[in-house]
Structure formats: C-alpha cells, structure tokens
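Student: Need a 3D model of the sequence below.
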Amino acid sequence: MKDFLAISDYTPAEIQDLLDLAVKLKEEYFKKGNQPLFKGRVLGMIFQKPSLRTRVSFDMAMRHCGGDALYLSPNEIGLGKRESIADVARVLSGYVQALMARVFEHEHVLELAKWSSIPVVNGLSDYNHPCQGMADALTIIEKFGRSAKGLNISYVGDGNNVTVSLMHISALLGWNVTVGTPEGYDMNPKAVEIAQKIAKQTGSTLTFVRDPHAAVQGAHVIYTDTWTSMGQEEETAKREKIFPPYQVNAKLVAEADKDVIVMHCLPAHRNHELTDEVADGPHSVIFPQAHNRLHAQKAILARLFGVA
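Tutor: The predicted structure is shown next:
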C-alpha cells in the first residue's frame, strides 16, 4: 500500500486483510496495550474541514502505537491557496512520515498523493470517506461475524461521500446494498458504476429506490447521515423540507430485521435524520462505530508504514 485514498482501490482480500488486522490491534489494545509499531514516526494531519472523530482518532492511533501526530489547521497551510498543493506535499514529505488530509475537494487529496513521497490517507473528501467505511465494516463484522455473507445494508438519506465508501466496502465484502434517496440527491454515478463492477465479482446486489420504507425491508443494517453536509449550509432550508420522510425513527426501524443495527457516522442532528429514541435505543451502535475509527485507522497506518 502506498496511499489510502478510496476503498475501491483494493481487492476483497486486501480489504478483509486490513479488517482482520484492525480486529487484532483492537483486541491487543484492550488486553495489554498496542506495541510501539509507529515509534519514531509522525503523522501530519491537514484539515480543511474541522472534525472531532477524525482528529482525535488519528492522533490517538499514533499515540497508542508509539508515534505522534501533528495537527495542521486550514490557516496554517491554506492548501492550494497560499501555497500550491504540490509544494506543500513535497515540503511535508521531508518533515513527517505520512499525511492525512481532510479536504473539501477530492482532487486535493489526489494531488497530495501525486506529489508526496510519503503515504497519504484520505480523511474525507467530497467524493468519499474511506476511513469511515473501514470503521463501518469493522462494526458490522463485530455484530454479524467475519464470514457473514449476504447481509442487507440499507442506507436512507442523502447519497453523499459516506454512502460511496459504505457501498464500495459492502460490495467488496459480498453484502447487499440498498440505497433510498429522494429525487435529486442520488449517488455519484461514477461511484455507482464502480460498485456495480465490484458486485459482479463478489455476488453483491445493488438496489436504488425512492421509498425509505422499501429500502429497509429485510435490512440487517440501517445507515443514515446528516441531511446537509459541511459546505452545503445554504441548502439547509430546502433540504429540511425534502428529507423528513427519510428520518430513521422507531417506525422505520421496526420494518427491518428484528436484529437490525442502526449506524450513523456522526455528528448527528438528533430528531432530524435520526431520532433520540433510535440513537440511544437497543439497535444503535453509533458510539462503538465511532470508536472503531481508532482501530481501523491503526490498521491502515500499520500497512502504510509497513510494520504489520
């Protein structure tokens, strides 16, 4: 592995291997603490967008494994504005051992990877969120088992970057995906095309519907996300009129499998896309899911550093 930019860059075997390593590192951490695999290594963390989970989980992943992390705020770099991305990449390649970038435009993280001589991790872009996808899959495996095939993963809401990585990793692992979105808020066509090619190889099925109730029939996982992502704030009023039928509430959850789990990448706008009753209820795994960012990212970094 040179970089970690998209789930779809990897084969089913490679993704399963990463997830197995994440399970191992998580078990090790809770039994005796992780080994100092990252000793002497520093992760540079470039943020165009703020984040609680991305910043803390990457920082603590490095610390748990004996390394360190350096936070670089938007004002300190001005990626692509104050200084070219190519120059930033080449400068930082001489200071730290890997970069994580949380950006608005996917092209920015691709350009960082192009010009960096060190590994680059996509911490989120407008196209996808591969680290979140890894944490999502780890959470599902913990509930249903490593060898579970044919699981039904249902996403309801805005067809956004989180949905892309969820769709791709589910297809790679042989899980079936149903996406329920309102008209005009469909998934990226390029991402769907990639998922369809993966599904042909793995036997996964992909279904796209408008009706959220149809989307959750037989679901083992119901996943949702905010109706308005960062950078879309001017659309908030419009979206709040369109998305209420896609709210994940007790009635919708009752239509899925009796053992369904409910997921959300957070932050959640409670009683909008997800009700308090569901978020804090027996089907919710939103906090274990958030915690799994830490362990999934340890595995990603370990492979990029070549130490596990």
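Student: Is it correct that V121 is in contact with A6?
Tutor: No. In this structure, V121 is not within contact of A6 by Cβ atoms under 8 Å, at 11.1 Å. For glycine as for every other residue, the C-beta is placed from the backbone atoms N, C-alpha and C.
Student: okay, and the common contacts of those two?
Tutor: Residues touching both V121 and A6 by Cβ atoms under 8 Å, 6 or more residues apart in numbering: none at all.
Student: Kindly list the main-chain dihedrals of A256?
Tutor: For A256, the backbone dihedrals are phi -90, psi -170 (criterion: degrees, to the nearest 10).
Student: if you skip the residues just before and after it, what's nearest to it?
Tutor: A219 (4.0 Å; Cβ to Cβ, 6 or more residues apart in numbering).
Student: ditto for D257
Tutor: That would be H220: by Cβ to Cβ, 6+ apart, it lies 5.2 Å from D257.
Student: so the one you found touches K149, yeah?
Tutor: No. Between H220 and K149 there is no contact under Cβ under 8 Å: 11.4 Å.
Student: Just the buried positions in stretch 36-55, please.
Tutor: Using 16 or more other Cβ atoms under 10 Å as the test for burial, stretch 36-55 gives 37-38, 41, 43-49, 51, 53-55.
Student: So which of those residues are in strands?
Tutor: L43, G44, M45, I46, F47 (DSSP state E).
Student: coming back round to it: out of the buried residues of stretch 36-55, who's nearest Q247?
Tutor: Checking the buried residues of stretch 36-55 against Q247 with Cβ to Cβ, the nearest one is R53 at 22.5 Å.
Student: The closest one and V162, how far apart?
Tutor: 12 Å (Cβ to Cβ, to the nearest Å).
Student: Show me what counts as buried in the worst-scoring helix or strand of the chain on mean pLDDT.
Tutor: For the chain, the helix or strand with the lowest mean confidence is helix 74-77, at a mean of 85 (criterion: mean pLDDT, DSSP states H and E). Within helix 74-77, the residues scored as buried using 16+ other Cβ under 10 Å are I77.
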